[in-house]
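Enquirer: Let's see this in three dimensions:
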Amino acid sequence: MPKPLTVGIAACSSEGAALCYRTICARAAQFLGAHAHPDIVLHSSSLAEYVGALERGDLPGVAQLMLHCAHRLAAAGADFVICPDNTIHAAFALMRDASPLPWLHIAQVVAAEAKRRGVRQAAILGTEWLMASDVYPSVLSKFGIPCQVPEPSERSEIGRIIMDELVNGVQEPASVQYLQDIIARMKERGCDCAILGCTELPIVLGDANSSLPTLDSTRLLADAALQHAISHCNSMSAAQP
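Expert: Numbers count the residues shown, from 1 in each chain. Predicted structure coming up:
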C-alpha cells in the first residue's frame, strides 16, 4: 500500500498543536490499521514571536514566521502544512505564494463543514485578533453563510481567557461558564452554530456543554489533514495496474 503524505504541523500554542497532533494519531487507525498514522513533523517558533507581531499589527511579520516554519517543515520531509491556530491565518495570503509547501486553510475547512451542516448564521469565538479580522467572514461569505462576533467587551474577556489561561493549560470553571454564557447570548442574537475559532477552545467547549452546536476548528483541521494525507494512498492505488 502506498505511504500516506507526511503532515507538517506549524505549531503556535502548545495546547492547540498537541490536540491537533493527538487527533490525527487517534483517528488514523480506522483508516490505516491499529497504531498506524501518517508521518508527522512539527515545527514551532516561540509563541511570543507571533504574539509580538500581532500586538504590533505586523501581519507581514506573522507571514515571515509562517514561511520560516514552512521551510523548516519542508526540510524535515513534510508534503503539506496545517496550522492549528486560527488567528495567524490573517497573514495567510501574504505568505501563500512564497511557501515551499501547500497549506490547508483552517477557516476553509470549517466553513465547508458549516455548509455541509446547513448552518444559517455562525457565531465566531476566538482571540480578539481573530474576531476583529476577516479570516472567517471572508471565507464564510463564499459559502453564503453570514456570521456574528460577540460585543467588544465580550471579545476582550474571551481573548483574556484564551491568552492568559487556555494557551497555558489553565481551565478555570468560571471562565468556562463565561464562554458558555457568551454562546447562549449569541444564540439569542440569531446564531445557530458556534465556531470555536481558537484551537484551545475545544479543550473546554463542545456540543455537550454548549447551547449551540459547535464547529471544532482543531479537530476539523486534523480530520482534513488526515484525509488529505491518505487520499494520496487511494490515488496511488488507483493508478497502479
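
Enquirer: Mind jotting down where the helices sit in the protein?
Expert: Residue ranges of the helices in the chain, as given by DSSP state H, are 14-32, 47-56, 59-75, 92-95, 106-117, 128-132, 135-142, 152-160, 173-188, 217-239.

Enquirer: Check which helices and strands the fifth one is in contact with.
Expert: When you say that, I think you mean helix 106-117. In terms of contacts (3 or more CB pairs under 8 Å, 6 or more residues apart in numbering; DSSP states H and E), helix 106-117 is packed against helix 135-142, strand 193-196, strand 214-216, helix 217-239. No exception for glycine: its C-beta is placed from N, CA and C like everyone else's.

Enquirer: Now do it against helix 14-32, angle only.
Expert: 50 degrees (axes from the mean of the first three to the mean of the last three CA atoms, to 10 degrees).

Enquirer: Buried residues, helix 106-117. List them.
Expert: 106-111, 113-114 (16 or more other CB atoms under 10 Å).

Enquirer: Quick one: distance of stretch 148-158 to the chain centre.
Expert: Counting by CA atoms, centre = their mean, to the nearest Å, stretch 148-158 is centred 19 Å from the centre of its parent chain.

Enquirer: before we move on, the earlier item: most tightly surrounded among the helices and strands packed on helix 106-117?
Expert: strand 193-196 (a mean of 27; mean count of other CB atoms under 10 Å).

Enquirer: in its sheet, what does that strand sit against?
Expert: Strand 193-196 sits in its sheet next to strand 122-125 (parallel), strand 214-216 (parallel), going by DSSP bridges.

Enquirer: who wins for proximity to Lys142 among these?
Expert: Lys142 lies closest to strand 122-125 among those, at 13.2 Å (CB to CB).

Enquirer: Only alpha carbons, please: show the closest one as CSV.
Expert: These are the backbone C-alpha positions of strand 122-125, laid out as CSV (Å, rounded to 0.1, in the frame of the first residue of the first chain):
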residue,chain,number,x,y,z
ALA,A,122,-22.5,31.3,12.7
ALA,A,123,-21.1,32.8,15.9
ILE,A,124,-17.3,33.3,15.8
LEU,A,125,-15.4,32.9,19.0
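
Enquirer: re earlier: same list (the buried residues of helix 106-117) but as a markdown table, adding distance to Gln121.
Expert: Shown next, in a markdown table, are the buried residues of helix 106-117 (distance: CB to CB, whole Å):
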| residue | distance to Gln121 |
| --- | --- |
| Ile106 | 20 |
| Ala107 | 16 |
| Gln108 | 19 |
| Val109 | 19 |
| Val110 | 15 |
| Ala111 | 13 |
| Glu113 | 15 |
| Ala114 | 10 |
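
Enquirer: Out of those residues, which is nearest to Arg96?
Expert: After measuring the buried residues of helix 106-117 against Arg96 - CB to CB - the closest member comes out as Gln108, at 12.0 Å.

Enquirer: So that closest one versus Glu154, what's the distance?
Expert: Note on Gln108: its distance to Glu154, by CB to CB, to the nearest Å, is 26 Å.

Enquirer: likewise Arg56?
Expert: On the measure of CB to CB, Arg56 and Glu154 end up 24 Å apart.

Enquirer: out of these two, which sits in the busier spot?
Expert: Neighbours were counted for Arg56 and for Glu154 using other CB atoms under 10 Å; Glu154 has more, 18 against 10.

Enquirer: so that one touches Asp181, yeah?
Expert: No: counting by CB atoms under 8 Å, Glu154 sits too far from Asp181 to count as a contact (9.2 Å).

Enquirer: just to revisit the earlier point, please identify which of the strands paired with strand 193-196 is closest to Pro173.
Expert: Of all those, strand 122-125 comes closest under CB to CB, at 17.9 Å.

Enquirer: what's next to that closest one, contact-wise?
Expert: For strand 122-125, contacts defined as CB atoms under 8 Å, 6 or more residues apart in numbering pick out 114, 130-131, 136-137, 140, 145-150, 158, 179, 182-183, 186-187, 189, 191-198, 201, 212, 215.
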